[in-house]
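Peer 1: Model the structure of this input:
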Amino acid sequence: MNKDKFVKQMNVYGDAVVTYRSPVSKRIKYVVGTLDFNSSPYIANRRIPSSNVKGGSTLMFCWDTDTFKQIDVGAVQRVEALSKVVSRGVR
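Peer 2: Presented below is the predicted three-dimensional model:
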């Protein structure tokens with residue numbers, strides 16, 4: 001996936017489940033996160049890491065691991081709105 005498409009989808013969805021292929025283990029993994037660091041006081045009050053984001057990657061806050069993480073956009077397989085995933089699980 002290219003970076004512009006990824007960022008556009010994340011901005012539309014707000015919170016999303018991002019499925020990607022791990023560069024180390026080559027396994028399919030996922031994170032639940034957001035690119036909007038001002039969407040919640042919880043995220044806004046956290047210290048954003050000062051490390052440089054590598055080209056082709058983007059920094060996102062991951063709710064499931066409670067950390068900021070660099071995601072290699074080229075390894076992203078799918079982006080789904082969290083609201084859609086949650087509504088499928090509720091019956």
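Peer 1: Now the helix or strand bottoming out on mean pLDDT in the chain: buried residues?
Peer 2: Lowest by mean pLDDT, DSSP states H and E among the helices and strands of the chain is helix 82-89, with a mean of 82. By neighbour count on 16 or more other CB atoms under 10 Å, the buried set for helix 82-89 is L82. (C-beta placed from N, C-alpha, C; glycine too.)
Peer 1: For V32, name its beta-bridge partners.
Peer 2: Beta-bridge pairing for V32 (DSSP bridges): V17.
Peer 1: so the lengthiest helix in the chain versus helix 82-89, what angle?
Peer 2: Counting residues, the longest helix found in the chain (DSSP state H) is helix 3-13. Interaxial angle of helix 3-13 relative to helix 82-89 (axes from the mean of the first three to the mean of the last three CA atoms, to 10 degrees): 60 degrees.
Peer 1: Tell me the confidence at the residue lying closest to M1 once chain neighbours are set aside?
Peer 2: Leaving aside its sequence neighbours, M1 sits nearest to V76 (CB to CB, 6 or more residues apart in numbering; 4.5 Å). Looking at V76, its pLDDT is 95.
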